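# give me a model of this one.
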Amino acid sequence: MFCIIVPLFVVEKEAKFYTKHTFFQATSENGMILPSQSQHTKGTAMPLLDSFTVDHTRMHAPAVRVAKNMRTPKGDDITVFDLRFCVPNQEILPEKGIHTLEHLFAGFMREHLNGANVEIIDISPMGCRTGFYMSLIGTPSEEAVAAAWQAAMQDILNVQDQSQIPELNEYQCGTYRMHSLEEAQQIARNILARQIGINKNADLALSEDILGKL
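Prediction:
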């Protein structure tokens, strides 16, 4: 597996990462986030986003999930997909690998999924580094998305050199030195080896009782 558990330190050994981890709170000193004990506060009420209504402890990975369906005033269907690469709270994508994957994945997915009835709007990594969100015009099936994802992973394995990563320069990338084709390709191998499944919202829905206690 190339999903890893991060923060405090990372030791690389035989293409795997072994780490100790901690929880972080948003307490900064001189611009740095300080590690501390996990804290939970109910605080000010905020809108409950769709991604927070599903039980992350029951998510499978790698797997496709329809995160949201929308229809514009003009009648266009927009679908947001959760492309979950890692099991939440057990695995995490390495920062260089997920960054390189972002540059490659966006183009390859468009090659395999875009068509007469589908146009990808955006593919962006999740802040938790366990996957990507993909927004598109259209309503492709989870199976079609999984097939495109699998084909895109094979395309990533076919990239021969780091110089072939798109937009790998200071003009088009905000952190252009933070890349690793090796890590991105190991992520792709992991996905292909594990096979891509489907997560259904009905199977993951958090009950009102649980939500009320959180």
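
# mind naming the longest helix for this protein?
With secondary structure taken from DSSP state H, the chain has its longest helix at helix 95-113.

# how about that one: buried residues?
Within helix 95-113, the residues scored as buried using 16 or more other C-beta atoms under 10 Å are 95-106, 108-110, 112-113. For glycine as for every other residue, the C-beta is placed from the backbone atoms N, C-alpha and C.

# any idea what the residue positioned nearest the centre of the chain is bridged to?
In the chain, the centroid-proximal residue (C-alpha atoms, centre = their mean) is residue 131; its distance is 1.5 Å. Taking DSSP bridges as the rule, residue 131 bridges to residue 84.

# quick one: average confidence on stretch 55-74?
For stretch 55-74, mean pLDDT rounds to 94.

# so how far is residue 111 from residue 103?
Separation of residue 103 from residue 111 (C-beta to C-beta, to the nearest Å) stands at 14 Å.

# next one: residue 58
In terms of C-beta to C-beta, residue 58 sits 32 Å off from residue 111.

# what do you get for residue 212?
The value you get for residue 212 to residue 111, if C-beta to C-beta is used, is 45 Å.

# packing partners for the longest helix of the chain?
Where contact means 3 or more C-beta pairs under 8 Å, 6 or more residues apart in numbering; DSSP states H and E, helix 95-113 is packed against strand 119-125, strand 131-137, helix 142-157, helix 181-194.

# will you turn those into a markdown table that also has mean pLDDT?
Converted to a markdown table, these look like this (pLDDT from 0 to 100):
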| stretch | mean pLDDT |
| --- | --- |
| strand 119-125 | 98 |
| strand 131-137 | 98 |
| helix 142-157 | 98 |
| helix 181-194 | 98 |
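
# out of these, which gets nearest to residue 88?
strand 131-137 (8.8 Å; C-beta to C-beta).

# put the alpha carbons of that closest one into PDB.
Extracted C-alpha coordinates of strand 131-137, given in PDB (Å, rounded to 0.1, in the frame of the first residue of the first chain):
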ATOM      1  CA  GLY A 131      -8.900  11.000  -2.200                       C
ATOM      2  CA  PHE A 132     -10.200  13.500  -4.800                       C
ATOM      3  CA  TYR A 133     -13.500  15.200  -5.500                       C
ATOM      4  CA  MET A 134     -14.500  15.300  -9.100                       C
ATOM      5  CA  SER A 135     -17.200  17.700 -10.300                       C
ATOM      6  CA  LEU A 136     -18.700  17.200 -13.800                       C
ATOM      7  CA  ILE A 137     -21.600  18.100 -16.100                       C
END
